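Visitor: Here's my sequence, what's the structure:
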Amino acid sequence: MPRWSPNWEDVRWDFQAATAAATALRRMSNELERYSFERGDAGIAAVDGWLGPHRRDFDQDFVAGLRELRFLATDCRQQAQTLLATNQRARAEQQRRERERDEWHRESARERARQTAGIP
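Guide: Numbers count the residues shown, from 1 in each chain. Here you go, the predicted structure:
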């Protein structure tokens, strides 16, 4: 038997769940952006002709709310990308482990064949 040993455990990662979560996060991001644009249009129409200190307060709160919606949309999109990148890394690690296992089996078979043939 070879003197080294591969990692016999499979990578523990739910690829389908991660992909589904990334899809949901992207959908949420799109909805948040859509909502922020709709809300922006409605807010602009609502303040037409409104003047005074309450209007300034409204504008500040309104802009802060839109900024928060867009921040959340960006964060959702980034989290989706992180999940998909983690999926790729986990898949690559699983493939690496499988290649190592295959190499170990080939090496083990060569050693057994040498032993059977009486070659040290």
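Visitor: Leaving out chain neighbours, which residue sits closest to the residue nearest the centre of the chain?
Guide: Compute the mean C-alpha point of the chain, and by CA atoms, centre = their mean the closest residue is residue 83, 1.4 Å away. Closest residue in space to residue 83, ignoring its immediate chain neighbours: residue 22 at 4.3 Å, by CB to CB, 6 or more residues apart in numbering. (C-beta placed from N, C-alpha, C; glycine too.)
Visitor: give me the element that neighbour is part of.
Guide: Using DSSP states H and E, residue 22 maps to helix 15-46.
Visitor: Could you pull out the buried residues of that helix?
Guide: Buried residues in helix 15-46, counted by 16 or more other CB atoms under 10 Å: 18, 21-22, 25-26, 28-29, 32-33, 36, 40, 43.
Visitor: could you say what helices and strands that helix packs with?
Guide: Contacting helix 15-46 under the criterion 3 or more CB pairs under 8 Å, 6 or more residues apart in numbering; DSSP states H and E are the following elements: helix 53-116.
Visitor: can you give me how far the helix it packs on is from the chain middle?
Guide: Distance of helix 53-116 from the chain centroid (CA atoms, centre = their mean, to the nearest Å) equals 4 Å.
Visitor: For that helix, enumerate the helices and strands it packs against.
Guide: The contact analysis (3+ CB pairs under 8 Å, 6+ apart) places helix 53-116 against helix 15-46.
Visitor: Specify the angle between the helix it packs on and helix 53-116 in degrees.
Guide: 170 degrees (axes from the mean of the first three to the mean of the last three CA atoms, to 10 degrees).
Visitor: if we can go back for a sec, if I look at the residue nearest to residue 83, how far off is residue 90?
Guide: Note on residue 22: its distance to residue 90, by CB to CB, to the nearest Å, is 13 Å.
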